[in-house]
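*Asks:* quick one: sequence plus predicted model below, questions after.
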Amino acid sequence: MRVLIVEDEFSSRKVLEKFIQDYGRCEVVVDGGEAVDSFKMAWEEGEPYDLVLLDIMMPNMDGQEALQKIRSFEKEKGVVGFGEAKVIMITALDDPKNVVKAFYEGGANSYLVKPVQKEQLDTELRNLGLKPGKPRRSVGRNARTTEE
């Protein structure tokens with residue numbers, strides 16, 4: 001499984017990297033703009049991300065805007081349903097407005113409040129059907145298949 005961590009705070013990045021290391025190959029970026037660029041690049045390389053851990057409050061482009069751009073890109077490529085990357089929004093604010101926006105406007109799959117605990121993350125990943133070391137899908141250069 002390929003994972004993208006999008007987090008501007010150094011300590012949170014390191015914690016998430018440690019928590020997710022058993023699930024697959026992990027890459028890290030520090031803002032929403034880099035997230036969108038990395039997501040598109042991974043797709044063009046034929047190795048899209050299976051999971052994106054996306055902080056909401058970041059400089060340059062926040063997580064909500066990045067999520068909308070990621071979902072728009074997937075839609076342009078004809079990716080829907082199980083073929084979409086799983087996205088877990090992460091924030092320091094337990095704010096219902098952010099939850100509603102992430103789920104209903106952005107298409108997030110889950111939402112966690114910092115500080116994220118390993119057990120909490122593992123539970124969310126299991127709920128999304130993701131397991132340590134298990135690839136979620138196979139991908140050709142210009143095609144994406146659903147769950148294997």
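*Replies:* Ah, there it is.
*Asks:* what is the residue nearest the centre of the chain paired to in the beta sheet?
*Replies:* Central residue of the chain (CA atoms, centre = their mean): residue 52, 1.3 Å from the mean position. Beta-bridge pairing of residue 52 under DSSP bridges involves residue 4, residue 87.
*Asks:* any figure for the gap between it and residue 96?
*Replies:* 22 Å (CB to CB, to the nearest Å). All C-beta atoms are positioned from the backbone trio N, CA, C, and that covers glycine.
*Asks:* that older thread, list the contacts for the residue nearest to the centre of the chain?
*Replies:* 3, 4, 6, 35, 39, 70, 85, 86, 87, 88 (CB atoms under 8 Å, 6 or more residues apart in numbering).
*Asks:* show me where this protein has its helices.
*Replies:* Under the criterion DSSP state H, the chain contains helices at 10-20, 32-44, 63-76, 96-100, 118-127.
*Asks:* out of the ones you listed, which gets nearest to residue 111?
*Replies:* The minimum distance between residue 111 and these falls on helix 96-100, with 5.4 Å, by CB to CB.
*Asks:* tell me the predicted confidence for residue 133.
*Replies:* With respect to pLDDT, residue 133 scores 75.
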